[in-house]
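Novice: What follows is a predicted protein model with its sequence.
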Amino acid sequence: MLEKRVPEEEKGVPFWKKAEEEPGLNDMPVDGRYYRVPATEHTLILDGQPEHIETDADGVALNELDRNVVELQIAAARKFGRDPAADYKVIFYPSHFKLRLAAFFICLWSASAAVVWVAGVLPIRIGRLALARLFGLRDVHDAYSWLVGLYTIWAIQMARYIVSRERRRWKKYLSTRRRRRFPIKLFVHHTTGMFARLIVAAVSIFGVLPLLLGLVFEVYLVIPLKYTLRPGVPVTIRFWDCWAAGMLWGSILVQAQRYAPPNGISRTFDTVSNPPEYLVDNIDTAPQKLKRDGWFRIRLRQLLHEFILPLCAGLLSLIFLPFFLQWVIFTPLTGNDSFMCEYNLSLDFLG
């Protein structure tokens with residue numbers, strides 16, 4: 001800002017003053033002042049003399065006292081074998097410079113505070129309100145409240161978009177009908193079907209699958225570590241923790257496929273821009289169709305049959321496999337008929 005002088009920025013009419021006519025660049029007044037200042041930190045400084053001297057655009061001091069100081073600076077620089085032109089330079093100091101800087105930092109702080117509030121505080125407050133009103137939960141970690149708040153905001157925006165979209169579609173549909181009577185039965189049938197498909201798909205993808213994925217990590221990773229480190233401490237499976245962990249692990253696994261070599265998983269989730277020929281066929285997977293057609297043309301039966309139900313079956317098999325092995329193999333050998341008592345397991349659905 002102060003290193004390079006730009007003539008277009010030095011001259012002009014302030015925005016709060018209205019010019020009667022648009023003058024040329026040479027006819028515009030200078031909106032600020034010029035100062036002769038040291039160019040580097042190694043510049044010789046005279047004791048008892050000012051370092052910053054107000055000058056004109058060419059570097060000439062405005063009064064006799066300042067001109068004498070400039071001559072002393074030139075003489076001192078030449079005396080020690082330095083170049084006066086390299087030691088000092090003329091900078092432009094805009095009018096109300098401190099006020100402009102203060103206004104800039106206030107705007108920057110306000111924008112940062114607004115971003116933090118919208119991205120952090122607002123979802124937490126909405127999540128707390130939703131958990132308290134819907135489930136009666138008040139002592140919940142803010143991380144869960146933040147996740148619930150984000151999905152609540154997303155659901156509100158989705159509902160707003162759905163209402164606006166359906167309003168335009170029905171307005172266009174009614175304009176083509178000869179009869180002006182509103183088709184109530186068709187509207188109820190279409191709307192309830194659409195909302196039912198959206199709710200089932202959203203709950204399955206963003207609720208059931210993350211919960212099951214989190215339970216898999218809980219059963220195979222968290223519980224053995226807790227039992228190994230603290231054998232006598234009861235282990236509690238908290239479903240909110242499992243759901244949040246499932247959302248995190250699911251996002252990581254899906255995003256990691258973008259950087260992995262093309263394979264069947266990346267093709268299933270359509271994360272490869274140009275898949276190789278051996279992964280391309282005429283049959284589209286349900287996630288690909290959902291991504292291509294959108295949520296409003298969702299094929300729920302195909303999505304459940306090809307994507308959700310197989311994943312749920314596989315995850316449930318992984319979850320209940322240790323219990324099944326305990327009941328079939330270890331119980332006859334050890335005589336202990338309770339896997340829950342062996343590991344001191346307890347379930348917490350709301351905490």
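Specialist: Structure's in. What do you need?
Novice: for the stretch 251-351 of the chain, which spans come out with low pLDDT?
Specialist: 258, 260-291, 293-294, 330-351 (pLDDT under 70).
Novice: repeat that for 90
Specialist: 251-311, 318-351 (pLDDT under 90).
Novice: Then the chain?
Specialist: Looking at the chain by pLDDT under 90, you get 1-100, 130-148, 150-152, 154-207, 215, 217-311, 318-351.
Novice: For it, just list every one of the strands.
Specialist: 32-38, 53-55, 88-94, 235-238, 345-348 (DSSP state E).
Novice: Output the contacting helices and strands for the second one.
Specialist: For strand 53-55, the elements it packs on are strand 32-38, helix 64-79, judged by 3 or more CB pairs under 8 Å, 6 or more residues apart in numbering; DSSP states H and E. (Each C-beta comes from the backbone N, C-alpha and C, glycine too.)
Novice: Now the shortest one - C-alpha only, PDB.
Specialist: Listed next in PDB are the C-alpha coordinates belonging to strand 32-38 (Å, rounded to 0.1, in the frame of the first residue of the first chain):
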ATOM      1  CA  GLY A  32      -4.200  13.200   0.900                       C
ATOM      2  CA  ARG A  33      -0.600  14.300   1.700                       C
ATOM      3  CA  TYR A  34       2.900  13.400   0.800                       C
ATOM      4  CA  TYR A  35       5.700  12.600   3.200                       C
ATOM      5  CA  ARG A  36       9.500  12.000   2.900                       C
ATOM      6  CA  VAL A  37      10.300   9.000   5.000                       C
ATOM      7  CA  PRO A  38      13.300   6.600   5.500                       C
END
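Novice: Can you mark which positions in that strand are buried?
Specialist: Across strand 32-38, burial judged by 16 or more other CB atoms under 10 Å covers Gly32, Tyr34, Tyr35, Arg36, Val37.
Novice: which one of those residues is nearest Ser175?
Specialist: Gly32 (60.7 Å; CB to CB).
Novice: contacting residues around the closest one?
Specialist: By CB atoms under 8 Å, 6 or more residues apart in numbering, the contact list for Gly32 reads Glu10, Phe92, Tyr93, Pro94, Ser95, Phe97.
Novice: circling back: of all the helices and strands packed on strand 53-55, which lies closest to Trp154?
Specialist: Here strand 32-38 is closest among the helices and strands packed on strand 53-55 (CB to CB), at 48.7 Å.
Novice: Now Leu44: phi and psi?
Specialist: phi -70, psi 130 (degrees, to the nearest 10).
Novice: my bad, should have said His96
Specialist: phi 50, psi 40.
Novice: what's the neighbour count on it?
Specialist: Residues near His96, counting by other CB atoms under 10 Å, number 12.
Novice: Can you give me the distance of it to Phe105?
Specialist: 14 Å (CB to CB, to the nearest Å).
Novice: Please compute how far stretch 221-235 lies from its chain's middle.
Specialist: 35 Å (CA atoms, centre = their mean, to the nearest Å).
Novice: CA atoms only: put it into PDB for me.
Specialist: Output of stretch 221-235 as PDB, limited to C-alpha atoms (Å, rounded to 0.1, in the frame of the first residue of the first chain):
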ATOM      1  CA  LEU A 221     -12.500 -50.800  18.000                       C
ATOM      2  CA  VAL A 222     -13.800 -48.800  20.900                       C
ATOM      3  CA  ILE A 223     -15.200 -51.600  23.200                       C
ATOM      4  CA  PRO A 224     -12.100 -53.900  22.900                       C
ATOM      5  CA  LEU A 225      -9.800 -50.900  23.700                       C
ATOM      6  CA  LYS A 226     -11.900 -49.800  26.700                       C
ATOM      7  CA  TYR A 227     -12.100 -53.400  28.000                       C
ATOM      8  CA  THR A 228      -8.300 -53.900  27.500                       C
ATOM      9  CA  LEU A 229      -7.400 -50.600  29.200                       C
ATOM     10  CA  ARG A 230     -10.000 -50.700  31.900                       C
ATOM     11  CA  PRO A 231     -11.300 -54.200  32.500                       C
ATOM     12  CA  GLY A 232     -13.400 -53.400  35.500                       C
ATOM     13  CA  VAL A 233     -15.100 -50.300  34.100                       C
ATOM     14  CA  PRO A 234     -18.600 -50.900  32.500                       C
ATOM     15  CA  VAL A 235     -18.700 -50.100  28.800                       C
END
